[in-house]
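Q: make a model of this:
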Amino acid sequence: MAQENGFKMGNTTITMDGFIKLDTIAVRTSDGNFPAEELRDFYVPSATPIGDRDSEESLTMHAKESRFSFRTDTDVGTGTPLKGLIEMDFGPGRAVLNGTSTTNNQGVNMRHAYFQYGSWGFGQTWSTGLFGPAILESLNFFALSEGMFTPRQPQIRYTSGPFAISLERPTTTAQVSGSDTSLASLKSEYTNGVVPDLVARYSFNAGKAQFAVTGILRRLEVDGRVANFGATATPTLSGETATGYGIGVAGNVPLGDATSLKFMALAGSGVGRYTGLAFAPDVEVADDGSKIDAVKHVSLNAGIAHRFSPQWRTNFGFGMENADLDGERLSEKSWSALVNLLYSPTKAVTVGAEVKHGARELVDGAGGNQTRLQFSARYDFGG
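A: Numbers count the residues shown, from 1 in each chain. Here you go, the predicted model:
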């Protein structure tokens, strides 16, 4: 049965929302091209090319960030809420067939498949460590990227008021010390650990300001061959383990009626995959496979959001990642800065422009950078 707000099926109300977004992005890299053309579509800190090559310029257009969501609200007759969310988008990444030369076909990507019954949540969604009010508005697919809590993963979560705690899918990322990450900082992934990641968050308000404190505890495990691009050795490990941990803070602080400061930070050991699109590996593996070390890592981002009027607004921000590694050709640092100007003639439509500059540096000091000029148009529906 159709209703003003969604459809009724039995005792469940179903609503749909989402947005259609077109991105036009001009990219200039200082040291050669990306190893894969998909990396032009959005900013990945670990993929900024490094090397003594000529600069490259390119233009790409895509609608991959467009998405749709189905939300459910079921009346179970006890007063206990039962809500679900399924959300899909069309990227990142290109379909193997029907590419840009023909139909620009894209694969459908599952973002969220999650439901909550009372205080308990089950399924795939953002890691509990992500604090939504602290995200700076950006045209880039992953906001500021550096310092951004980026995993969406299967989990079991318990929420009680401002406190949330979850058991999340364990994945350990590893790099061999002798790897050469100048083209891109590729890592080996291991998902055979038996102990889930423990993630907890406590949120609170101080006046109009919103804050959150996050903790992560992990058992890191590498079981198998560690093979990274450009590595001089590919050691095989048998169930080597280490402990990972991290402490994070995030906030949204009003600076008057039209301006706010937003920030996120995470520091720890063996938590590299939790921020910056896994910029840092969780563990570094000796070339001979004799040991693994949890990688110490710090990430943060901060920005200012300002609204000129109900239609016009701007954001500018900075993010960084820093990892303590031994291998001379491993990625040690990344940073980026952005500024944008956005215009919404109506609540449902936003057009805007954004400039973003990012740089990556290896342990031996070699570096490269990329500059991105992005124009976007977005239509939000439902909700």
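
Q: output the lowest mean pLDDT helix or strand found in the chain.
A: strand 2-3 (a mean of 48; mean pLDDT, DSSP states H and E).

Q: what mean pLDDT does stretch 322-340 get?
A: Mean pLDDT, computed over stretch 322-340, is 97.

Q: going forward, count from 314.
A: From this message on, residue numbering opens at 314, which makes the last subject stretch 635-653.

Q: could you give me the buried positions within it?
A: 635-636, 638, 640, 642-653 (16 or more other CB atoms under 10 Å). To be clear about C-beta, it is placed using only N, CA and C from the backbone, and glycine gets the same treatment.

Q: with stretch 466-476 instead?
A: Using 16+ other CB under 10 Å as the test for burial, stretch 466-476 gives 466, 468, 470, 472.

Q: with stretch 374-381 instead?
A: Counting neighbours by 16+ other CB under 10 Å, one finds that the buried residues in stretch 374-381 are 375, 377-381.

Q: and these, which two are furthest apart?
A: Largest separation among these by CB to CB: H375 and F381, giving 16.6 Å.

Q: returning to that earlier point: from the buried residues of stretch 374-381, which is closest to A544?
A: Nearest member of those to A544, counting by CB to CB, is K377, at 31.2 Å.

Q: do you know how far the closest one is from S689?
A: From K377 over to S689 the distance is 12 Å, taken as CB to CB, to the nearest Å.

Q: can you check which residues contact both of those two?
A: Residues touching both K377 and S689 (CB atoms under 8 Å, 6 or more residues apart in numbering): D336.

Q: D402 reaches R380, doesn't it?
A: Yes - taking contacts as CB atoms under 8 Å, D402 lies within contact range of R380: 3.8 Å.

Q: what do those two both touch?
A: Shared contacts of D402 and R380, defined by CB under 8 Å, 6+ apart, comprise R424.

Q: let me see the mean pLDDT of stretch 442-460.
A: The model assigns stretch 442-460 a mean pLDDT of 95.

Q: that stretch: end-to-end distance?
A: Separation of the first and last residues of stretch 442-460 by CA to CA, to the nearest Å is 12 Å.

Q: list the buried ones in it?
A: Going by neighbour count (16+ other CB under 10 Å), the buried part of stretch 442-460 is 442-444, 446-460.

Q: which stretches of the protein have low pLDDT?
A: 314-317, 405-419 (pLDDT under 70).

Q: quick one: stretch 494-502 to chain centroid distance?
A: Centroid separation between stretch 494-502 and its chain, computed with CA atoms, centre = their mean, to the nearest Å, is 17 Å.

Q: let me fix that: stretch 601-618
A: Remark: stretch 601-618 is offset 15 Å from the chain centroid, using CA atoms, centre = their mean.

Q: straight-line length of that stretch, end to end?
A: 49 Å.

Q: would you mark the buried spots in it?
A: For stretch 601-618, using 16+ other CB under 10 Å, the buried residues are 602, 605-618.

Q: same thing with stretch 356-366?
A: The neighbour-count criterion (16+ other CB under 10 Å) identifies 356-363 as the buried residues of stretch 356-366.

Q: from the buried residues of stretch 635-653, which land in strands?
A: Among the buried residues of stretch 635-653, the ones falling in strands (DSSP state E) are 635-636, 644-653.

Q: can you put those in TSV and add distance to F476?
A: As requested, those are arranged in TSV below (distance: CB to CB, whole Å):
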residue	distance to F476
N635	30
A636	30
S644	35
E645	35
K646	34
S647	32
W648	33
S649	32
A650	34
L651	33
V652	36
N653	34
